[in-house]
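[1] Can you look at this prediction? I've put the sequence above it.
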Amino acid sequence: MIKALGYFLEIIRGGLITTRHFVTNMWFHTLKVLGLKAKRSGAVTIQYPEQKKDLAARHRSLHRLTRRDDGKPRCVSCLLCVTVCPSECISVEAAEDPDSEIQKVPAKFIIDMSRCCFCGFCVEACPEDAIRMDTGKVEVAEYRRADLSYDLDKLLK
Amino acid sequence: MDFWIVLIKIVCALVWFLLLTLYLTWGERKESAVIQDRIGANRASIFGLRLIGLFQPFADAIKMIFKEDFVPAFANKFLHTLAPFLSFFFVAITICAIPFGDKLNIGGRSINLQILDLDAGLLFVVAMLSLGIYGIILSGWASRNRFALLGGIRGAAQLISYEVALGLSLIGIIIVFPSLSLQSIVRFQGGNLLGFIPRWGVLLQPLGFIVFFFAALAETKRVPFDMPEGESEIIGFFTEYGGLKWGLFMMTDFMEIIIVSSLLTTLFFGGWQVPWLAADGFHWPWGGAWTLPHGFVVLLQLLSFNVKIIFFCWLQILIRWTYPRFRYDQVMDLGWKLLIPLSLLNIVGTGIVMGFLQ
């Protein structure tokens, strides 16, 4: 009997906890609707397409290729990123460059975003600092698979 | 003319009932969201106008209407279609016995703000709520699906065991307010105890109120007592339903919440009574009076009824989003071993007290 009473008290306490959540959250919602300053917002929700959460400083987002001072891509087609890529989504085709300092430039540089796992190994491997993952774009979605293979033009943007 | 008045009353009551049901679905989503620190459905919009998701019920309704009306090949087609309409009908019809307010005097007529002042209104409402079980059993049976059938049987077992406690807890009310007509029960709660406390049923029948409240919660078959459905784990009686027929079952649930709230209000919280408000205005217990015009008094009564109902709907939703489901044997234990003895005790105690008072 005493045990049952204990259960009953706990049931009441549980109800009070949800009531407390309801009342405090409603209080903050009301303050917001009235345009008054509130200590916090009534919900922890981030309303995604309108509000976006700030990305962390080291967040790995969509890739980009960096350029030299004269605008040409820094990439020298060493194929280190192609070798290290665990999902084998990078393909690079080299071409000759007249400048003997550079020697090689990429003729094609394609990353298949539908296969990329955003591990960041290509960025680590690159000796020329030619590829980075700091664009801050995380919404990589397309209607067709073909649109997900990013070529040199798209990556240099 | 009388015919038109009755027709207008029926239309008003049904519109009120269905609108409240629709917005209760929205209210439940919002309230659960606020309880869980979320925001809740707020995306449905008309021409970019969102209004905190107030169009959500209509979006849901349109979606449900345009879904395929699917009947499994192995089901009994006629009964499968009949079941949701049965359970919807038996809940929807109970609204005709609920008193919304006192008499409205307009154009030399006195209109009772209740569709039908039945002499046995209380029995009628309880009987119709019980008949709702047929829809559940029938839907389980007509689906020819073993799990749905088990859900239906579970529902029947649960509802029958709570029906007894529900009926017995109301005997005390019938002893105290010697009438079965809901309108006269509400009128009787208009007086004051000791000159200043409103004579509401909850003060005269506290034990009856508790038993009725638990039994009525079980009656609505929602979460602490959702044996028949078991949304997440055990398979419920409407497994083989989809689209509008499933929507009817869901609406029945929400309508039951409203009916239970209005029964709680009518029987235990003075129905449309406002404390110390008589037909001609407020009579304060500390002396003095405010005279109010008749229309204003009726408006206050309607408002009071609605506020009480909305409070009880809020409370039931809060309970639904707080507690986990009872195990099947615990539900049976609570019904047969606790609520029925308590309601019997309540009848005996009420009888003894009323005997001494006379």
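    Right, received. Where do you want to start?

[2] I figured A:Thr135 hits A:Leu62, correct?
    Yes - using CB atoms under 8 Å, A:Thr135 is in contact with A:Leu62, at 4.7 Å. To be clear about C-beta, it is placed using only N, CA and C from the backbone, and glycine gets the same treatment.

[3] Could you check which of the two is surrounded by more residues?
    Set A:Thr135 next to A:Leu62 and count neighbours by other CB atoms under 10 Å in any protein chain shown: A:Leu62 wins out with 19 against 12.

[4] Relative to A:Lys154, how far out is the more buried one?
    10 Å (CB to CB, to the nearest Å).

[5] distance between the lowest-mean-pLDDT helix or strand in chain B and the chain's centre?
    When the helices and strands of chain B are scored by mean pLDDT, DSSP states H and E, strand B:192-193 comes last with a mean of 82. Remark: strand B:192-193 is offset 27 Å from the chain centroid, using CA atoms, centre = their mean, to the nearest Å.

[6] So which residues of the chain form helices?
    Because you didn't say which chain, this covers chain A. A:2-33, A:80-84, A:121-125, A:152-156 (DSSP state H).

[7] You answered for a different chain; I wanted chain B.
    Secondary structure of chain B by DSSP H: the helices cover B:2-35, B:56-65, B:77-92, B:121-142, B:146-176, B:182-188, B:201-204, B:206-219, B:243-268, B:294-320, B:328-332, B:340-357.

[8] B:Pro275: which of those is closest?
    helix B:294-320 (8.9 Å; CB to CB).

[9] any idea of the angle the closest one forms with helix B:206-219?
    Angle between the axes of helix B:294-320 and helix B:206-219 is 70 degrees (criterion: axes from the mean of the first three to the mean of the last three CA atoms, to 10 degrees).

[10] Now do helix B:294-320, average pLDDT.
    Per-region confidence: helix B:294-320 scores 93 on mean pLDDT.

[11] give the contact list for the residue nearest to B:Ala216 when sequence neighbours are not counted.
    Excluding its sequence neighbours, the residue lying closest to B:Ala216 (CB to CB, 6 or more residues apart in numbering or on different chains) is B:Val260, at 4.3 Å. B:Val260 makes contact with B:216-217, B:219-220, B:312, B:316, according to CB atoms under 8 Å, 6 or more residues apart in numbering or on different chains.

[12] Surely A:Phe22 is in contact with B:Leu318?
    Yes - counting by CB under 8 Å, A:Phe22 touches B:Leu318, with 6.9 Å between them.

[13] For those two, list the residues in contact with both.
    With CB under 8 Å, 6+ apart as the test, A:Phe22 and B:Leu318 both reach B:31, B:35.

[14] Which two among the contacts of B:Val260 are spaced furthest apart?
    Farthest pair in the contacts of B:Val260, by CB to CB: B:Glu219 and B:Phe312, 13.4 Å.

[15] what about B:Glu68, neighbour count?
    A count of neighbours around B:Glu68, defined by other CB under 10 Å, yields 8.

[16] right, and it touches B:Leu244 too?
    No - B:Glu68 is not in contact with B:Leu244 according to CB under 8 Å; the separation is 10.0 Å.

[17] wait, what's in contact with the closest residue to chain A within the stretch 151-300 of chain B?
    Nearest residue of the stretch 151-300 of chain B to chain A: B:Pro224, at 9.3 Å (CB to the nearest CB). Counting by CB under 8 Å, 6+ apart, B:Pro224 makes contact with B:217, B:319-320, B:323-326.

[18] Show me just the buried residues among those.
    B:217, B:319-320, B:323, B:325-326 (16 or more other CB atoms under 10 Å in any protein chain shown).

[19] which of these lies closest to A:Lys3?
    Using CB to CB, B:Phe326 is the member of the buried ones among the contacts of B:Pro224 that sits closest to A:Lys3, with 16.6 Å.

[20] Leaving out the residues flanking it, which one is nearest to the closest one?
    B:Pro224 (5.9 Å).

[21] what's the distance between that neighbour and B:Phe214?
    9 Å.

[22] next one: A:Asp99
    Distance, A:Asp99 to B:Phe214, using CB to CB: 86 Å.

[23] Next: B:Val307.
    23 Å.

[24] What's the per-residue pLDDT of A:Met1 here?
    65.

[25] Can you give me every residue that contacts the residue lying closest to A:Gly120 once chain neighbours are set aside?
    Using CB to CB, 6+ apart and skipping the chain neighbours, the partner closest in space to A:Gly120 is A:Arg60 (4.7 Å). By CB under 8 Å, 6+ apart, A:Arg60 lies in contact with A:118-120, A:123, A:133.

[26] now B:Gly271
    B:99, B:182, B:185-186, B:189, B:265, B:305, B:308.

[27] ok, now A:Ala38?
    A:28, A:31-32.

[28] now do B:Ala157
    So B:Ala157 contacts B:227, B:332 (CB under 8 Å, 6+ apart).

[29] cool, B:Arg325 as well?
    B:223-227, B:230.

[30] Quick check: the farthest pair among those residues?
    Spanning the widest gap among the contacts of B:Arg325 are B:Pro224 and B:Gly230, at 12.3 Å by CB to CB.

[31] returning to that earlier point: residues contacting the least confident helix or strand of chain B from elsewhere in the structure, which ones?
    For strand B:192-193, the external contacting residues (CB under 8 Å, 6+ apart) are B:198-199, B:203, B:276, B:285.

[32] One more pass at 6 Å, please.
    Strand B:192-193 is contacted from outside by B:Arg199, using CB atoms under 6 Å, 6 or more residues apart in numbering or on different chains.

[33] Sheet partners, orientation included, of that strand?
    strand B:197-198 (antiparallel) (DSSP bridges).

[34] Tell me who's in contact with B:Gln301.
    Neighbours of B:Gln301 in contact, by CB under 6 Å, 6+ apart: B:101-102, B:272.

[35] which of those are buried?
    Buried among the contacts of B:Gln301 (16+ other CB under 10 Å): B:101-102, B:272.

[36] Quick check: residues of chain A near chain B?
    A:14-15, A:18, A:21-22, A:25-26, A:43-45 (CB under 6 Å from any CB of the partner chain).

[37] 8 Å instead?
    A:11, A:14-15, A:17-19, A:21-22, A:25-26, A:29, A:42-45, A:47 (CB under 8 Å from any CB of the partner chain).

[38] my guess is B:Phe17 meets B:Thr94, correct?
    No - using CB under 8 Å as the test, B:Phe17 is too far from B:Thr94 to be in contact (9.5 Å).

[39] Leaving out chain neighbours, which residue sits closest to A:Asp151?
    A:Ile110 (5.3 Å).

[40] I'd say A:Val138 and A:Leu62 touch.
    Yes - under the criterion of CB under 8 Å, A:Val138 makes contact with A:Leu62 at 7.3 Å.

[41] how about the nearest residue to the residue in the stretch 251-358 of chain B that chain A sits nearest to, chain neighbours excluded?
    Closest approach between the stretch 251-358 of chain B and chain A, counting by CB to the nearest CB: B:Thr322, at 4.4 Å. Among residues not flanking B:Thr322 along the chain, A:Thr18 sits closest, at 4.4 Å (CB to CB, 6+ apart).

[42] contacting residues for the one you found?
    Counting by CB under 8 Å, 6+ apart, A:Thr18 touches B:35, B:318, B:321-322.

[43] Also B:Leu334?
    For B:Leu334, the contact set (CB under 8 Å, 6+ apart) comprises B:214, B:326.

[44] Now do the strands in chain A.
    Under the criterion DSSP state E, strands of chain A are mapped to A:64-65, A:90-96, A:104-112, A:131-132, A:149-150.

[45] Output these in JSON lines; the columns should cover mean neighbour count.
    Listed next are the strands of chain A as JSON lines, based on neighbours: other CB atoms under 10 Å in any protein chain shown:
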{"stretch": "strand A:64-65", "mean neighbour count": "20"}
{"stretch": "strand A:90-96", "mean neighbour count": "15"}
{"stretch": "strand A:104-112", "mean neighbour count": "18"}
{"stretch": "strand A:131-132", "mean neighbour count": "20"}
{"stretch": "strand A:149-150", "mean neighbour count": "19"}
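
[46] Alright, that wraps it up for me.
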